[in-house]
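In: quick one: sequence plus predicted model below, questions after.
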Amino acid sequence: MSNIKLVHSGGNSVSLTTPTNNPSSNVTFKLPQADGSAGQVLQTDGNGNLSWVTPVTTAGVTQYDIWRITANLALQTSGTIISANWERADDATATYIGNGMSQSSGVFTFPVTGKWEIRVDACLNSGDGEMHYGQVDVMISSDSGSSYDRVSRGLGGCTSGGSYGNLSTTCLIDVTNASTFRCKFDALASNNNQSYLVGNTGFNYSEFIFKRIGDT
């Protein structure tokens, strides 16, 4: 084997040596032009070109946030963007992980990029003696709110006056730019003002969950 030996002034040395087995062909590694940042490691592109990269760390869920509506919302057949009566779950033992979502008039912005799971678990209430349905759509914009895509829909029903029903839906989106991605929720029903999305400020009745589960 051949070695490259670097001898310290104190007498000890550091050596680079060839592989134990003979390579199938000559191998050349090209070092980067400058040092990397603290904590970075060398990565090859498969062709011998080395560069400094930040290693991917797995530290569990780094962003998790739950919001809820604090008052009942009368649903309309034409749809209603849920723009008011929002609050982060703030009970004595409630918490969130990371920076948390930002919200203005029902439009949510993301604190960081990544693959985000968005889940809606909502409670419905019928206001008369008839059967009604209600739905909530998850709407995503990647252009700062200029246009929105309906990516997921939860649908549920109420069977009689005063009865309750539930709906839920989940989607996974790739937030590639935290500055331009937006999220909002559109709710509607089969009859005007006869189905309600139930809200409460004391606990989660209709909840909206944002969970970052991976890198973009």
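Out: Good, I have the coordinates.
In: helix/strand/coil for the residue nearest to Q76 when sequence neighbours are not counted?
Out: Distance criterion Cβ to Cβ, 6 or more residues apart in numbering; nearest residue to Q76, sequence neighbours excluded, is N192 at 5.2 Å. Where you see a C-beta, it was placed from the backbone N, CA and C, and this is true even at glycine. Assigned by DSSP: H, G, I helix; E, B strand; the rest coil, the conformation of N192 is coil.
In: residue contacts, N192?
Out: Counting by Cβ atoms under 8 Å, 6 or more residues apart in numbering, N192 touches 74-77.
In: buried among the residues you listed? Make that a ChimeraX selection.
Out: In ChimeraX, this line selects whichever of these come out buried by 16 or more other Cβ atoms under 10 Å:
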select :75
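In: restricted to strands, list the contacts of N192.
Out: Counting by DSSP state E, the part of these found in strands is A74.
In: which one of the contacts of N192 is nearest to G10?
Out: Ranked by distance to G10 (Cβ to Cβ), those are led by L75 at 78.4 Å.
In: just give the nearest non-adjacent residue to that closest one, would you?
Out: Nearest non-adjacent residue to L75, counting by Cβ to Cβ, 6+ apart: A189, 3.5 Å away.
In: repeat that for R88.
Out: Closest residue to R88 apart from its sequence neighbours, by Cβ to Cβ, 6+ apart: W67 at 5.5 Å.
In: please apply the same query to R212.
Out: In this structure, R212 finds its nearest non-sequential neighbour in Q63, 3.6 Å apart by Cβ to Cβ, 6+ apart.
In: quick one: least confident helix or strand in this protein?
Out: Ranked by mean pLDDT, DSSP states H and E, the weakest helix or strand in the chain is strand 3-7, scoring a mean of 81.
In: can you show me the CA trace of that one as CSV?
Out: Listed in CSV are the C-alpha atoms of strand 3-7, where the atom choice follows Å, rounded to 0.1, in the frame of the first residue of the first chain:
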residue,chain,number,x,y,z
ASN,A,3,0.7,6.3,2.1
ILE,A,4,0.7,10.0,2.2
LYS,A,5,2.2,10.9,5.6
LEU,A,6,1.9,14.3,7.2
VAL,A,7,4.4,14.6,10.1
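In: from the chain's centroid, how far away is it?
Out: Its chain's C-alpha centre and that of strand 3-7 lie 49 Å apart, by Cα atoms, centre = their mean, to the nearest Å.
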